[in-house]
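A.B. asks: from the sequence below, what's the structure:
(one chain, ligands or ions: 2)
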Amino acid sequence: MDIRSQIGVVFHLDKCIGCHTCSIACKNVWTDRKGAEYMWWNNVETKPGTGYPTQWENQEEYKGGWEKKGNSIVLRGAGKLKGLKNIFHNPNLPTIDDYYEPWTYRYEDLFTAPEGNDQPTARPVSLITGEPIEVKSGPNWDDDLSGSPDYARKDPNFKNLSATEQEAMFQVEKMVMFYLPRICNHCLNPACVAACPSGAIYKRGEDGVVLINQNKCRAWRMCVTACPYKKTYFNWSTGKSEKCILCYPRLETGQAPACMHSCVGRIRYLGVLLYDADRIHEVASTEESQLVDWQRDMILDPNDPKVIEEAVKNGVHFSIIEAAQKSPVYRFVKEWKLALPLHPEYRTLPMLFYVPPLLPILGTTDDDIYDTTTEGLFSTIEKTRLPIQYLASLFTAGNEGKIREVLKKMMAVRLHRRHITVGDMDPVLVRNALQEVQTPPDMADAIYRLTSLANFEDRFVIPMAHREEAIEMLESVFEEKGATGFGFRMAPERGL
Ligand code: SF4
Ligand code: SF4
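C.D. replies: Numbers count the residues shown, from 1 in each chain. Ligands and ions are numbered 1, 2, ... in the order given. Model (predicted):
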């Protein structure tokens, strides 16, 4: 066992109101610079939709992430060798049009235009060329356009839905949408790290944050192709790649990342996970149907004395183990099995997990009265406006059973709380609902509290920084173990 600690994150999608405060907080702190105007390290997409950059989930086009080859995995389109062949022409890179051409307005024209009969206007100008442009897209151009033919209908997650099922979703009275906020997942098996020919990207030993050494980056952009989530970006001004740094300077001083601190819906949770790094290759290479369970299995119980002993032996500081014991992320992901990784089939083992949206799910009987019996409510999960296959395509590599488990548990918690607060439910039905999803009432209450009433300290359990004890693993397991991109490095300022 090789026990390591990782900062994990959970986003609870039922709580996101799509206000984009997180994106603006991040932009103001990190990407309000020349060459970074088009970058949104944090972005919020409307789903169904095509996202940012457009169609980022279409790996036929972008060739991101890992694919299974026999008992192992290989980078789909950006291995160090494959990448070298494409040094001068990389056909799988998103173009600026796939993001959008950043622009501003010539506001000074409003004040300096000569006197005349017409109202002066501020024309849009490109932030890259300085020339006037016609604005045709923006970072969240498809915001709230759940039924639009150009965006929602082109969502790659519809691939397993029949034409009739898709058509049913786009009837006006059945339209549905939710928001999907995205940042770098600080993966355990990061494709970006494995693809970088310069060794500029590394995973910090003490907390698993994935960073790019700006002094070593040589502008190959293999990381942009390799990241299946398209969360590394190329700065056209500095000629270096950049990505979300999980606000590590804030974390090191005990503060939540800017996007999380500012989140209006309080959907974000951050905490430590302990995991067995020896299993990374095995888990990343397993069958698709097992990916969710195996990724969950490699996360270890921070209260288990054996785990604590091994973690301490491996250099994990006791204060980090204590933080892991209080981690809200551990509860959502492992204890309650409510949070799932986004597109586990990319095999990067993302460390950002999502509680999928329950969405409008109340079923009505024939006479338009809500059916509040447990059977009535549970059966509506199958009839939810957003098909289970769609959510399975996003969060479980197509495993619909896993989505049903999560939605049923969330529904059982709602029934239980309704029974307590409103009192119009049959107690036997509520008890049966909780039993069916193996959730005792005290667990249902804990889920409800952390979901709905959690204050700042409950949502963010940030361990003390121990830079002095950063776990060193020179070069990386990539070289020792062959296939995976997992690799720990010391931070650049400490010698690499
Ligand atoms: S591969 Fe994972 S760690 Fe690397 S940039 Fe993409 S999301 Fe982040
Ligand atoms: S700030 Fe929070 S609620 Fe608002 S869009 Fe971002 S994640 Fe959603």
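
A.B. asks: from now on I want contacts and neighbour counts done on CA atoms only, so please keep to that.
C.D. replies: Will do.

A.B. asks: count of neighbours near M1?
C.D. replies: Per other C-alpha atoms under 10 Å, the neighbour tally for M1 reads 12.

A.B. asks: hang on, it packs against L274?
C.D. replies: No: counting by C-alpha atoms under 8 Å, L274 is not a contact partner of M1; they are 11.5 Å apart.

A.B. asks: can you pull up the bridge partners for the residue of the stretch 301-450 of the chain found nearest ligand 2?
C.D. replies: In the stretch 301-450 of the chain, the residue found nearest to ligand 2 is Y354; the distance is 11.3 Å by C-alpha to the nearest ligand atom. For Y354, the residues forming beta bridges with it (DSSP bridges) are F11, L340.

A.B. asks: ok, it - contacts?
C.D. replies: Contact partners of Y354, counting by C-alpha atoms under 8 Å, 6 or more residues apart in numbering, are 10-13, 339-342, 395.

A.B. asks: quick one: which of the residues you listed has the most company?
C.D. replies: Counting neighbours by other C-alpha under 10 Å, the top entry in these is L340, with 29 neighbours.

A.B. asks: now do the closest residue to C187 other than its chain neighbours, the pLDDT please.
C.D. replies: The shortest distance from C187 to any residue that is not its chain neighbour, by C-alpha to C-alpha, 6 or more residues apart in numbering, is 4.1 Å, and that residue is P350. At P350, the pLDDT value in this model is 98.

A.B. asks: cool, and the one 10 residues further on?
C.D. replies: The score at P360 is 60. That number is its pLDDT.

A.B. asks: also G423?
C.D. replies: As summarised for this prediction, G423 has a pLDDT of 86.

A.B. asks: how many neighbouring residues does it have?
C.D. replies: Per other C-alpha under 10 Å, the neighbour tally for G423 reads 12.

A.B. asks: same check on the one 10 residues further on?
C.D. replies: Look at A433: counted by other C-alpha under 10 Å, it has 23 neighbours.

A.B. asks: please report the distance of the closest residue to it other than its chain neighbours from ligand 1.
C.D. replies: Once its chain neighbours are removed from consideration, A433 has its nearest residue in A412; the separation is 5.5 Å (C-alpha to C-alpha, 6+ apart). A412 sits 32 Å away from ligand 1, going by C-alpha to the nearest ligand atom, to the nearest Å.

A.B. asks: who in the stretch 101-250 of the chain is up against ligand 2?
C.D. replies: Within the stretch 101-250 of the chain, the positions near ligand 2 by C-alpha under 6 Å from any ligand atom are P181.

A.B. asks: so which residues of the stretch 101-250 of the chain form helices?
C.D. replies: With DSSP state H, counting those that start in this stretch, the ranges of helices along the stretch 101-250 of the chain come out as 109-112, 163-169, 191-195, 222-226, 248-251.

A.B. asks: looking at those, which is closest to ligand 1?
C.D. replies: When the helices of the stretch 101-250 of the chain are ranked by proximity to ligand 1, the top entry is helix 191-195, at 4.4 Å, counting by C-alpha to the nearest ligand atom.

A.B. asks: the closest one - contacts with which helices or strands?
C.D. replies: The contact analysis (3 or more C-alpha pairs under 8 Å, 6 or more residues apart in numbering; DSSP states H and E) places helix 191-195 against helix 80-85, strand 201-204, helix 222-226.
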